[in-house]
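Peer 1: have a look; sequence and predicted model below, questions after that.
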Amino acid sequence: MKPGFFRNRWWIVVASVLGLIVGTGSINVFAFGVFLKPVSDELGLSRGTLSAAVFLSSILTAACSPILGTLIDRWGIRMIMLPSIALFALVTAGFSLLNPNPIVLFVLYGVSGFVGAGQTPIAYSKAVAAWFDKQRGLALGVAMAGVGLGVLIVPQLAGALIQAFGWRMAYVGLGATVFVLAFLPVAAVVREPTERDHAAAPPLALRQRGLSIAEALGTWRFWALTIAFFFGVVAINGTLTHVVALLTDRGVSAPVATAIFSASGIAILVGRILSGFCLDRFHGPYVAVAFLVFPMAGIGLLGSGAGGIVPAAGTILCGLGIGAEVDLMAFFVSRYFGLRGFAQIYGLMFGIFAVGTGLGPYAMGAGFDALHSYGAIFIGFEVVLVIACVLLLRLGPYPFPPEEERHLRSRMGEALP
């Protein structure tokens, strides 16, 4: 490969898009909605039990995320990501071995959560943030759009594979897809900038500025951001992962329900890019609150029980919200805490976020098993989204703004780190 190939930093973004199409969220959470009923029907496992396995996977991903961040900061992106992706692809194919024994279910999902930490946005965000300063919001938004493409593509791919070959071979196909879309692009182009990339990337001094993980934990902003994003993902992911089951319970055919669910992938894609575009132009907390109002409306529409285009509209609005969350979180970590301890800080925050990724579907599944309805859970989701908005509105200005803004604020006499 020619040395000059890497000089265009947008190749890092392109590779991140491809890798995140088959990230942990797309495979273990969003594709789960398509596998839920066929696996439950064949194996006799309840929706609550299957959702609990996803929750376990999320907990282990959460537990590994801070460790992953520390390893990435110490050893670099490629050395950690490549073996993680290969193992994640293998375990995804291994879901084809599921049987009625719940132990097998929990072991496979547990291992997937453990090795899947490398297929979260942590490492990809670390690489993109290191290469971009002024356009960081847009670059992160485009990179994280891979998750939206994953929600759009992976459920449809899984559904087509299930129809053609059954759910077991569908998992084998997904494992192969992980290897092709994630391992190969990461091996080819994803890396951190070096001194010879000084013309394309922010200077080393800028990348070394910021708080350590210990310093960040001592700030109220870290906990406000963590709680806000945790509440957001509990509500939005919990709703989206059960959309297919909710709609088929109401008499919608499985292909139509899957198509409606996949529409949220388009919304996630739009939300990623639009929020990134807005972050470079408007104050981040205002952007974040705007993208939480969308799912609040969407959950209300889905909970109303109305037919027609209402379920599709509600699903799309939820997709817009979850579409903005991951890149908002990465952007806020870089602007409120700097890049010095980025991977560790983001890893810890994302780890807690990952617990919410599984808790939401589990709460939906357990609530349905207990009440045979999603109504009460929807009300709880609306409440926590309001709390998240209040926390975000209190964050204030960035301590680590873009370099141009930093110079302007310094000339005005404002003290900056």
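Peer 2: Yes, it's here. Given the structure is predicted, the values throughout are model-derived calculations rather than measurements.
Peer 1: in what helix or strand does the residue lying closest to residue 227 once chain neighbours are set aside lie?
Peer 2: Nearest residue to residue 227 in three dimensions, chain neighbours excluded: residue 391, at 6.0 Å (Cβ to Cβ, 6 or more residues apart in numbering). C-beta here means a position set from N, CA and C on the backbone, and glycine is covered the same way. For residue 391, the element it lies in under DSSP states H and E is helix 375-392.
Peer 1: contacting residues for the residue nearest to the spatial centre of the chain?
Peer 2: What sits nearest the mean C-alpha location of the chain, by Cα atoms, centre = their mean, is residue 326, with 5.1 Å. Residue 326 makes contact with 121, 125, 144, 147, 272 under the criterion Cβ atoms under 8 Å, 6 or more residues apart in numbering.
Peer 1: by neighbour count, which of those residues wins?
Peer 2: residue 144 (34 neighbours; other Cβ atoms under 10 Å).
Peer 1: right, and it touches residue 271 too?
Peer 2: No: here residue 144 does not reach residue 271: they are 9.3 Å apart, not a contact under Cβ atoms under 8 Å.
Peer 1: how close does the residue lying closest to residue 238 once chain neighbours are set aside sit to residue 401?
Peer 2: The shortest distance from residue 238 to any non-neighbouring residue, by Cβ to Cβ, 6+ apart, is to residue 360 (2.6 Å). The gap separating residue 360 from residue 401 is 33 Å, by Cβ to Cβ, to the nearest Å.
Peer 1: tell me which of those two has more neighbours.
Peer 2: Neighbour totals were compared for residue 360 and residue 401, and residue 360 leads with 31 against 16 (other Cβ under 10 Å).
Peer 1: so which strand or helix has that one?
Peer 2: helix 342-371.
Peer 1: for that helix, name the packing helices and strands.
Peer 2: Contacts defined by 3 or more Cβ pairs under 8 Å, 6 or more residues apart in numbering; DSSP states H and E place helix 342-371 against helix 47-75, helix 121-131, helix 213-217, helix 220-241, helix 310-337, helix 375-392.
Peer 1: re earlier: pull the CA atoms of the helix holding residue 391 into CSV?
Peer 2: Presented in CSV, the C-alpha positions along helix 375-392 are these (Å, rounded to 0.1, in the frame of the first residue of the first chain):
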residue,chain,number,x,y,z
GLY,A,375,-47.7,0.8,28.2
ALA,A,376,-46.3,1.3,31.7
ILE,A,377,-42.7,1.0,30.5
PHE,A,378,-43.3,3.7,27.9
ILE,A,379,-44.4,6.1,30.6
GLY,A,380,-41.2,5.5,32.6
PHE,A,381,-39.2,6.1,29.4
GLU,A,382,-40.8,9.5,28.9
VAL,A,383,-39.9,10.5,32.5
VAL,A,384,-36.2,9.6,32.2
LEU,A,385,-35.9,11.5,28.9
VAL,A,386,-37.1,14.7,30.5
ILE,A,387,-34.5,14.2,33.3
ALA,A,388,-31.8,13.7,30.6
CYS,A,389,-32.7,17.0,28.9
VAL,A,390,-32.5,19.0,32.2
LEU,A,391,-29.0,17.6,32.9
LEU,A,392,-27.7,18.4,29.5
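Peer 1: returning to what we had before: neighbours of the residue nearest to residue 227, just the number please.
Peer 2: Residue 391, neighbours per other Cβ under 10 Å, totals 21.
Peer 1: which residues touch residue 123?
Peer 2: 68, 72, 77, 80-81, 190, 343.
Peer 1: again, 7 Å this time
Peer 2: 72, 77, 80-81 (Cβ atoms under 7 Å, 6 or more residues apart in numbering).
Peer 1: against residue 335, how distant is it?
Peer 2: Distance from residue 123 to residue 335, by Cβ to Cβ: 19 Å.
Peer 1: next one: residue 294
Peer 2: Going from residue 294 to residue 335 by Cβ to Cβ gives 22 Å.
Peer 1: do the same with residue 317
Peer 2: 27 Å.
Peer 1: what of residue 62?
Peer 2: Distance, residue 62 to residue 335, using Cβ to Cβ: 23 Å.
Peer 1: before we move on, back to that, can you redo the helices and strands packed on helix 342-371 as a markdown table with mean pLDDT and distance to residue 282?
Peer 2: Converted to a markdown table, the helices and strands packed on helix 342-371 look like this (pLDDT from 0 to 100; distance: least, Cβ to Cβ, whole Å):
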| stretch | mean pLDDT | distance to residue 282 |
| --- | --- | --- |
| helix 47-75 | 84 | 28 |
| helix 121-131 | 85 | 19 |
| helix 213-217 | 91 | 24 |
| helix 220-241 | 91 | 17 |
| helix 310-337 | 85 | 12 |
| helix 375-392 | 91 | 13 |
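Peer 1: out of those, which gets nearest to residue 251?
Peer 2: helix 310-337 (11.3 Å; Cβ to Cβ).
Peer 1: how far off helix 342-371 does the closest one point, in degrees?
Peer 2: 150 degrees (axes from the mean of the first three to the mean of the last three Cα atoms, to 10 degrees).
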